[in-house]
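1. Sequence and computational prediction follow.
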Amino acid sequence: MKFRKKGKFEPETTAAATGDAETSVKKSDRGQWGNQAEFILSCLGYAMGLGNVWKFPYTCFSNGGGAYLIPYVIVLTFIGIPTFFLELIMGQYSGKGAVQVWCLAPFFKGVGMGSLLISGMINIFYTMLLAYCLYYFAMCFQKNLPWDTCQHSYNTPACFNQREAKPCHDVEGIWYNNTCYNTTTLEPERTEELKNLTQNLVASSQEYFVRGVLEQSDGIDQPNGIKMELALCLLGMWILCFFCILKGIESSGKIVYFTTTFPYVVLTILLIRGALLDGSLIGIKFYLTPDWKRLGDAKVWGDAAGQIFFALSVGAGGLLTYSSYSPFYSNIYRTALFVAIANACTDWYAGFVVFSALGYMAKAQNTAVKDVATSGSGLAFVVYPQVLATLPVPQLWSAMFFFMLILLGLDSLNAGVEALITSTVDKWTLLRPYKTLVALGWCILFYLLGLPMCTRAGFYWLDLVSYYSSGWTLVIIGIIEVVVFAWVYGAKKVMAHVKEMTGNRLYPHWWFVWTFITPLFLLAVLIFNLIFMTPLAWDNVPPPAWATVLGWLMTVAPLAFILFTGIYITITTLTKPDTSPERRSCGTRFLELFKPSSKWMPAYMTKELEEKAAEATYRSNANAGLNGETQCQDARTTITDETDGTVVSYRNGEDAIGQNGNATGLQTGDDARLESDRENENALSDHHDNCYQDNDGHPPTGNPVTYENAAYEKDKES
């Protein structure tokens, strides 16, 4: 191997690695990021997601506003950055995916399988959310935005739209059921009745989402068929995902230049537009005003830890996958710090965008900001579209907003699917040349699994999967990762790997953080999640018993993978005959499951072994071809000698005929020569077919060997 001074890595090139050898080496290679920028942008795009826009701002203001910054930064320092950095280190050092990396302690191989199972469940409901965004994006290209009116057939009498009600309110009337009631002409009882009815109005954007887009049924047990528009949008998102990961990181690494950076452009445009709105400062002030008393609330610290842990996407396998494609000598420390801090800054930046618009909406409706603020799908599909609908050219701002959400979610989705693809081709290396087909297979499978969310009961399914699939189970996997990497494998070894890859020694505090601080913080987050966990309910109605059981199965399944895989590996190891000379005891062999196996090695050594194997295969094929060519040459020489004998005999016959003048003898000699000629040509053809073939049984390129009989040419001339 050749090393550059500044941490760059160049594979060794040998004279034998040409022609077919180059093809063999290329097929055996997992691939690498084109440059460091692709890796950084991909990790940033994976960490960024829908939660940056529709979860963090609400979590911030509900936990003390500006005071929330203190626990947020502390948790980022002791949980976010250490766990994020740890996964990147192990992935880059080993060059292995989320499952194969656990050869550092084979007993815990199920951790990788469990994390991929969680990633798969997240992919299912996450893509459905993006399908909603795609649906809204398509609806933006209409003359009138469909969520800005109560004139649809599905609207109820309680539907309310600020734009439609404004003329009635200007004359101090009561707007209800698309009708303006003049209070001066109504009886007092009727006026009081209408005022009571207007206390329970539903925004037009809310009815559009629930009754127009979802056509929501009364429960999860009432699917009422698939809504084709949503099924097509879901299909469109999976097609888009497939084309992004068509060539693995070779294609997704180029796409992130746009999908990761353009959302910042849209956020900036929306922030400038929101800051110019009347009342925007009210919302920003509400967002940042600190409530120092909340710092003593355990819930604030628990929410901060949960936000950081889930925002950085730790424990789902994507970070290990992406870092496994990073060049061995790249500066992983710089990448980890940059991505973690940039993601945190994106959270806060998005908060200004959201609350500037909510402040404008609160002032327009003459209500408090806390009454219009919400999070999750309610913010993305109800509140914010309602705000954008009041702006000039609402189609433009709405299209930009939903396009930004699609890009934010697409990078996270690509990483989740890529983690599964990489683990598949790492396990079965023969599938590497067919990685595109593997990607297609995963996309088709996820699309089929997501179809229940396209039914009229689809939103209940989405809630069920999102609630049970990625909660405290992901925190448990994070705890296991930190404990295994820092305690079982050894935090000092991890620090030595950083020194080997970057040339820089980490400060000793990293050992203390990985060994004690981060595991304790994560344990506190787990306890907090279990204590404050509230049961899933829709309009205060719990799901059916079978749905609850299914949800708990989704929660327990990743943990079951960890437990039963460890038991299976232990049983197979102890029951296998010990062939080592020292005859190890069962206890010794069991303890070896907690130590690195022979497959654990630096990524450059793995690549070097693959290159040597490919080169050996090429040399073996080349030697076999050389031996075959020698045999063909000997056969060709023998046939040529026989042909020369035939030509001499023919010429002797010519001389005799010339002397005797016997034309019949000439004809007889010519027939004999032609018959011999055919036999020789057939023999040459057979030897050519048998000897001049490549390893796949195909004829080689180039002109075939031909035989030309001089006597026959002489006969044609005469």
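-> On my side now, so go ahead.
2. list the contacts for Thr570?
-> 107, 590, 593 (C-beta atoms under 8 Å, 6 or more residues apart in numbering). C-beta here means a position set from N, CA and C on the backbone, and glycine is covered the same way.
3. Mind jotting down where the strands sit in the stretch 101-250 of the chain?
-> In the stretch 101-250 of the chain, the strands defined using DSSP state E, counting those that start in this stretch lie at 159-160, 174-176, 179-181, 202-203.
4. what's the last one packed up against?
-> Contacting strand 202-203 under the criterion 3 or more C-beta pairs under 8 Å, 6 or more residues apart in numbering; DSSP states H and E are the following elements: strand 159-160.
5. what's the strand it packs on in contact with?
-> With contact meaning C-beta under 8 Å, 6+ apart, strand 159-160 is reached by 150, 175, 177-178, 198, 201-204, 207.
6. any weak-confidence spans in the chain?
-> Along the chain, the model assigns pLDDT under 70 to residues 1-29, 373, 375-376, 607-718.
7. so what's the residue nearest the centre of it up against?
-> By C-alpha atoms, centre = their mean, the chain has its centre lying nearest to Ala415, at 2.0 Å. Neighbouring residues of Ala415 by C-beta under 8 Å, 6+ apart: 42, 45-46, 313, 318, 321-322.
8. what's the most distant pair in those?
-> Largest separation among these by C-beta to C-beta: Gly45 and Thr321, giving 13.5 Å.
9. Have a look at those two and say which one is more surrounded.
-> Between Gly45 and Thr321, counting by other C-beta atoms under 10 Å, Thr321 is the more crowded of the two (31 against 27).
10. next one: stretch 139-154 to chain centre, how far?
-> Centroid separation for stretch 139-154 versus its chain: 34 Å, with C-alpha atoms, centre = their mean, to the nearest Å.
11. and that stretch, which residues are buried?
-> If you call a residue buried by 16 or more other C-beta atoms under 10 Å, then stretch 139-154 has these buried ones: 139-140, 145-150.
12. Out of these, list just those in helices.
-> Among these, the members found in helices (DSSP state H) are Met139.
13. What is the nearest of the buried residues of stretch 139-154 to Ala344?
-> Nearest to Ala344 among the buried residues of stretch 139-154 is Cys140, at 30.6 Å by C-beta to C-beta.
14. Show the contacting residues for the closest one.
-> By C-beta under 8 Å, 6+ apart, the contact list for Cys140 reads 395, 398-399, 402.
15. With His497 instead?
-> By C-beta under 8 Å, 6+ apart, the residues touching His497 are 89-90, 93.
16. same deal with Lys493?
-> Counting by C-beta under 8 Å, 6+ apart, Lys493 makes contact with nothing.
17. Against Ala486, how distant is it?
-> 10 Å (C-beta to C-beta, to the nearest Å).
18. ok, back up a step: tell me which of the contacts of Thr570 is nearest to Thr183?
-> For these, the closest approach to Thr183 (C-beta to C-beta) belongs to Phe107, at 75.2 Å.
19. Would you mind giving the secondary structure of the residue nearest to the closest one when sequence neighbours are not counted?
-> The shortest distance from Phe107 to any non-neighbouring residue, by C-beta to C-beta, 6 or more residues apart in numbering, is to Leu593 (4.0 Å). At Leu593 the chain is in helix, as set by DSSP: H, G, I helix; E, B strand; the rest coil.
20. hmm, back to that, quick one: buried ones out of the contacts of strand 159-160?
-> 150, 175, 178, 201-204, 207.
21. tell me the two of those that are most distant?
-> The span of these, defined through C-beta to C-beta, is set by Trp175 and Glu207 at 15.2 Å.
22. any idea how far stretch 512-529 is from the chain center?
-> The answer for stretch 512-529 is 27 Å, by C-alpha atoms, centre = their mean.
23. Apologies, that question was intended for stretch 305-315.
-> Relative to the centre of its chain, stretch 305-315 is centred 16 Å away, using C-alpha atoms, centre = their mean.
24. Equivalent analysis for stretch 149-166, please.
-> 40 Å.
25. Ends of it, what's the gap?
-> Terminal residues of stretch 149-166 are spaced 13 Å apart (C-alpha to C-alpha, to the nearest Å).
26. Report the buried members of the contacts of Ala415.
-> Among the contacts of Ala415, the ones that count as buried by 16+ other C-beta under 10 Å are 42, 45-46, 313, 318, 321-322.
27. Of these, which is the nearest to Trp428?
-> Nearest to Trp428 among these is Thr321, at 16.1 Å by C-beta to C-beta.
28. And for the closest one, nearest residue in space, chain neighbours not counted?
-> Here the nearest residue to Thr321 in space, its sequence neighbours aside, is Ala419; by C-beta to C-beta, 6+ apart that works out to 4.2 Å.
29. The stretch 351-500 of the chain: helices as residue ranges?
-> Taking DSSP state H, counting those that start in this stretch, the helices of the stretch 351-500 of the chain run over residues 369-372, 377-378, 384-388, 394-427, 435-450, 458-469, 472-483, 491-502.
30. Need the winner for burial among these.
-> Most buried of the helices of the stretch 351-500 of the chain by mean neighbour count (mean count of other C-beta atoms under 10 Å) is helix 384-388; its value is a mean of 26.
31. Which secondary structure elements does that helix sit against?
-> On a contact count with 3+ C-beta pairs under 8 Å, 6+ apart, helix 384-388 meets helix 204-207, helix 332-364, helix 394-427.
32. One more pass at 7 Å, please.
-> In terms of contacts (3 or more C-beta pairs under 7 Å, 6 or more residues apart in numbering; DSSP states H and E), helix 384-388 is packed against helix 332-364, helix 394-427.
33. next one: it to chain centre, how far?
-> Distance of helix 384-388 from the chain centroid (C-alpha atoms, centre = their mean) equals 30 Å.
34. ok, now stretch 138-146?
-> On C-alpha atoms, centre = their mean, the centre of stretch 138-146 falls 31 Å from that of its chain.
35. Return the alpha-carbon coordinates of that stretch using PDB.
-> Provided in PDB are the C-alpha atoms of stretch 138-146 (Å, rounded to 0.1, in the frame of the first residue of the first chain):
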ATOM      1  CA  ALA A 138     -48.800  18.000  -6.500                       C
ATOM      2  CA  MET A 139     -51.900  19.900  -5.200                       C
ATOM      3  CA  CYS A 140     -49.900  23.200  -5.100                       C
ATOM      4  CA  PHE A 141     -50.200  23.600  -8.900                       C
ATOM      5  CA  GLN A 142     -53.800  24.600  -8.900                       C
ATOM      6  CA  LYS A 143     -55.500  28.000  -9.200                       C
ATOM      7  CA  ASN A 144     -56.900  27.700  -5.700                       C
ATOM      8  CA  LEU A 145     -55.200  25.700  -3.000                       C
ATOM      9  CA  PRO A 146     -57.600  22.900  -2.000                       C
END
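36. Which of the contacts of Thr570 has the largest number of neighbours?
-> Phe107 (22 neighbours).
37. Now do the same contact list for it.
-> The contact partners of Phe107, taken as C-beta atoms under 7 Å, 6 or more residues apart in numbering, are 566, 569-570, 593-594.
38. right, and Ser204 touches Asn161 too?
-> Yes - here Ser204 reaches Asn161: they are 4.1 Å apart, a contact under C-beta atoms under 7 Å.
39. Show me whatever sits in contact with both of those two.
-> Residues touching both Ser204 and Asn161 (C-beta under 7 Å, 6+ apart) are 148-150.
40. before we move on, back to that, with the contacts of Cys140 in mind, which one is nearest to Pro327?
-> Ranked by distance to Pro327 (C-beta to C-beta), the contacts of Cys140 are led by Phe402 at 36.5 Å.
41. Tell me how far the closest one lies from Thr606.
-> Distance of Phe402 to Thr606, computed by C-beta to C-beta: 43 Å.
42. next one: Ser94
-> Separation of Ser94 from Thr606 (C-beta to C-beta): 8 Å.
43. Which one's more surrounded, the two?
-> When neighbours are counted by other C-beta under 10 Å, Ser94 and Thr606 differ, and Ser94 comes out ahead with 25 against 18.
44. Please name the residues that touch the closest residue to the more buried one other than its chain neighbours.
-> Excluding its sequence neighbours, the residue lying closest to Ser94 (C-beta to C-beta, 6+ apart) is Val101, at 5.2 Å. Shown in contact with Val101 (C-beta under 7 Å, 6+ apart): 90-91, 94, 112, 320.
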